[in-house]
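> pasted the sequence and its predicted model underneath.
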Amino acid sequence: MSDWNAKVIDEFRANEGRVGGPFAGAPMVLVHHRGRKSGRELVNPMMYLPHETDDDVVYVFASKAGAPDNPAWYYNLVTAGHATVERGTETYPVRVRELSGDERDQRYDEQARRYPGFAEYAQKTAGIRTIPVLELSRETAA
């Protein structure tokens, strides 16, 4: 894990899910997943978009700051189909579903409206890749 990610994770955990710097005021989640090649447990801090009516659903964006390729965590989450998130002071399991078409576009456009950096990421990747949007839904005990 990069030192930068480690600092964000430490700050998140020390402040009940809040961080400063470039993420000040932004909704953040820590996503725990297993490396599909290494088998190691990994944790990535991510901004999320909350669902408008369902508090058990959030959306994360595989933007990689507009890089030409998807982040490794994207492949880990899609391959596994599940993960664990830390949100605020809560930790819980989630199902992972990749959005497509209009559903994907609506979520991404809303995130870009709220956080213009995401519009810049989309401009950087135009013609190279479409930034994936993943829905993380809380798994409830049956």
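Nice, thanks for sending it over.

> buried stuff in stretch 31-43?
Within stretch 31-43, the residues that count as buried by 16 or more other CB atoms under 10 Å are 31, 33-34, 42-43. (Glycine included, C-beta is placed from N, CA and C.)

> need these in JSON lines with distance to S137, secondary structure and pLDDT, can you?
Listed next are these as JSON lines, based on distance: CB to CB, whole Å; DSSP: H, G, I helix; E, B strand; the rest coil; pLDDT from 0 to 100:
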{"residue": "V31", "distance to S137": "13", "secondary structure": "strand", "pLDDT": "98"}
{"residue": "H33", "distance to S137": "15", "secondary structure": "strand", "pLDDT": "97"}
{"residue": "R34", "distance to S137": "19", "secondary structure": "strand", "pLDDT": "95"}
{"residue": "L42", "distance to S137": "20", "secondary structure": "strand", "pLDDT": "95"}
{"residue": "V43", "distance to S137": "19", "secondary structure": "strand", "pLDDT": "96"}
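
> reformat those residues as JSON lines; add distance to A83.
Formatted as JSON lines, the buried residues of stretch 31-43 follow (distance: CB to CB, whole Å):
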{"residue": "V31", "distance to A83": "6"}
{"residue": "H33", "distance to A83": "5"}
{"residue": "R34", "distance to A83": "8"}
{"residue": "L42", "distance to A83": "10"}
{"residue": "V43", "distance to A83": "10"}
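
> low-confidence regions, this protein specifically.
Under the criterion pLDDT under 70, the flagged ranges of the chain are 1, 142.

> for it, what spans make up the helices?
Ranges of helices within the chain are 3-14, 72-80, 101-114, 117-125, based on DSSP state H.
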